[in-house]
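>>> task: produce atomic coordinates for the following.
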Amino acid sequence: MLTELVIHNLAVIRHLEVSFGTGLNILSGETGAGKSILVGAVNLILGSRASQELIRTGANEAAVEAVFQVPAKDALVQYLSDLGQDFTGELVVLRTVSRTGRSRVFVNDQLVTLQQFQPMAKFLASISGQHEHQSLLNPELHLGLLDAFGSLEPMVQQVAEVYEQWSEVAGELTRLRRSKKERADQADWFRFQLQELEAAELHEGEDEALEQEVNVLKHAATLHDAAQDSHQTLYAGRDAILGRFAELERNLHVLVGIDSRQSFLLTHLEQARIHLEELSHCLQSYASSISFEPHRLEAAQERLALLQKLGKKYGGSVARMIRRRDELRQALTEDEQWDLVENDLRRRKELLEGAYLEKAAALSAQRREAALLLGKAVEDVLALLDMHQASFSVAFDDDKQEKEKESRRFSPAGMDRLQFLLSANPGEELKPLAKIASGGELSRILLALKSLLSRQGEAETLIFDEVDAGIGGRTAELVGRQLQHLAEKHQVICITHLPQIACYGEYHYRVAKQTHKEETTTSITPLSGEARIEELARMLGGISVSDKTRAQAMEFLQRAHRQSREPAEPNRT
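Model prediction:
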């Protein structure tokens, strides 16, 4: 139950505080006074979208605070426990909106995210806005209303979970088949590429080795002469370097014989001899290894040209071509495995389809039972709202069942398609609401549904913003009685322009707008006694309020108090 509402700098409201009571709370006032701003404030508390445009001109921040007395429901207690709070029976919710666009939510002085808070909102209040009755014209919303009436949400959740699994597997299977088709179109090209690369008999580093070999073969004579001349200089020629080592060695022995400290010179000489002899041997071997065969140069050049040609197609270097060859082998091998994966996915999809159809069929059966109960219950409530001869039913779209056996319309909410039908008068055919229902009829159907859904719903506070759209006279009084009856089990807050409804409220508040020094503000005042009679008379008489309208207002109040809170049994004759 909403016990207190505090609004600060929201739209034309500078500061407003109001306390609501149990039962039926009525809000009235001139059009544009700001009544719907109060509903918007509660909507903010319940987690609706916050906009900077809501902030009062000249203010930097708007704030709405609400105090709820709530029952100890297991889910709500668990939500609070997850936030680290103990359940006390009272919930204080503060929502702020700043000029920077930042919005914050506090629950019992603890900052929470909007995502954390929203699951709790359904336990606090349910709002029916001025134009919500128009939503009844949309058949897409009828399924959810039926599920709420039948308390079928747990079954819907089970169907949705299986649907999500089925949808994921079906998506994987579709993507696999698409990939297989694309790969099948490429398979012949892949095989040609692989055959060409395998025929080349590639070896890692071959291209670099061939380039070096071709370079050597092109300069074979120059390399042979250089190596041969170097060998002559070191060993075989006249005055060769190694040939003069004996003379050098004798001189060093004379030197060391006189100065033994220079003995290391003999060591250096021996090491130099070894290195030069090794160098001479290598030069001789290299010179003899150089090939002067023209056919070898031609073969190497042809092989190198082949590698370069393949490189332009497959990545440049032999290393990249080898990687491409291995990728092609892997891709073609994977193609062979895809049939196994496809079969596994198809089997899983079929199992999930079976599970989905089983749960969806069970849900559909429950919906059809709930639809019969809903139709009878709505007719009973409509009879109390002066639609004694109205017929209401839920029509399931069964015409396409045979066609859909081949292509079923799976959805998270099941396979049912339905819409609400109404016959407002005897002899008229049941037709979709969008085709026959007037504004007044839609308002009463909405109230009937809200009355019925409140028995299954979790919100303790029901808010109606001008549920009286399109009605008046006797019907308005019956709507007031129905709201009064609904208020026996729920706190009801109703915005209305009709005195026939307002007189049934246990609490009555007037919302008024004042302008002072180019500033507009909205205030709210609890009414009782003469003030309430005066407000009802204003609602009756408009600009001119006479003693007769005051007397009629008093009569409305007295009749409302005399009426039993239990609605009369509907007369359907």
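
>>> how far does stretch 13-30 sit from the chain's center?
36 Å (Cα atoms, centre = their mean, to the nearest Å).

>>> start to end distance for stretch 82-96?
In stretch 82-96, first residue to last residue: 23 Å (Cα to Cα, to the nearest Å).

>>> residue 5 is in what secondary structure piece?
According to DSSP states H and E, residue 5 maps onto strand 2-10.

>>> go on, residue 144?
Going by DSSP H and E, residue 144 is part of helix 142-149.

>>> and for residue 425?
Under DSSP H and E, no helix or strand contains residue 425.

>>> how about it, nearest residue that isn't a chain neighbour?
Of all residues not flanking residue 425 in the chain, residue 389 sits nearest, at 5.9 Å (Cβ to Cβ, 6 or more residues apart in numbering). For the C-beta atoms, the positions are set from N, CA and C on the backbone; glycine is no exception.

>>> which phi and psi does the one you found have?
phi -100, psi 10 (degrees, to the nearest 10).

>>> neighbours around it, how many?
By other Cβ atoms under 10 Å, 16 other residues sit near residue 389.

>>> what's the spacing between it and residue 382?
Counting by Cβ to Cβ, to the nearest Å, the separation of residue 389 from residue 382 is 9 Å.

>>> on that earlier part again, kindly export the strand holding residue 5 (C-alpha atoms) in PDB.
The C-alpha coordinates for strand 2-10 follow below in PDB (Å, rounded to 0.1, in the frame of the first residue of the first chain):
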ATOM      1  CA  LEU A   2       1.200   3.500  -1.000                       C
ATOM      2  CA  THR A   3       1.100   5.500   2.300                       C
ATOM      3  CA  GLU A   4       3.100   8.600   1.400                       C
ATOM      4  CA  LEU A   5       4.200  10.400  -1.800                       C
ATOM      5  CA  VAL A   6       6.600  13.300  -1.800                       C
ATOM      6  CA  ILE A   7       7.300  15.100  -5.100                       C
ATOM      7  CA  HIS A   8       9.900  17.800  -5.500                       C
ATOM      8  CA  ASN A   9      10.600  19.900  -8.600                       C
ATOM      9  CA  LEU A  10       8.700  17.600 -11.000                       C
END
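
>>> what about the strands in the stretch 351-500 of the chain?
391-396, 418-423, 431-432, 461-465, 491-495 (DSSP state E, counting those that start in this stretch).

>>> where do the helices sit along the stretch 251-400 of the chain?
264-289, 294-314, 318-384 (DSSP state H, counting those that start in this stretch).

>>> quick revisit: other SSEs contacting the helix holding residue 144?
Applying 3 or more Cβ pairs under 8 Å, 6 or more residues apart in numbering; DSSP states H and E, one finds that helix 142-149 contacts helix 318-384, strand 418-423, helix 439-456.

>>> repeat that for 10 Å
Packing partners of helix 142-149 (3 or more Cβ pairs under 10 Å, 6 or more residues apart in numbering; DSSP states H and E): helix 153-199, helix 318-384, strand 391-396, strand 418-423, helix 439-456.

>>> now do the longest one: which elements does it pack against?
This means helix 318-384. Short answer (3+ Cβ pairs under 10 Å, 6+ apart): helix 318-384 packs on helix 142-149, helix 153-199, helix 206-218, helix 294-314, strand 391-396, strand 418-423, helix 439-456, helix 473-486.

>>> test my guess that residue 266 contacts residue 250.
No: the criterion here is Cβ atoms under 10 Å, and residue 266 misses it with residue 250 at 11.3 Å.

>>> between these two, who's got more neighbours?
Neighbours were counted for residue 266 and for residue 250 using other Cβ under 10 Å; residue 266 has more, 14 against 10.

>>> tell me which residues touch the more buried one, please.
249, 252-253, 255-256 (Cβ atoms under 10 Å, 6 or more residues apart in numbering).

>>> that older thread, between the helices of the stretch 251-400 of the chain, which one is closest to residue 191.
Counting by Cβ to Cβ, residue 191 lies closest to helix 318-384 out of these; the figure is 6.9 Å.
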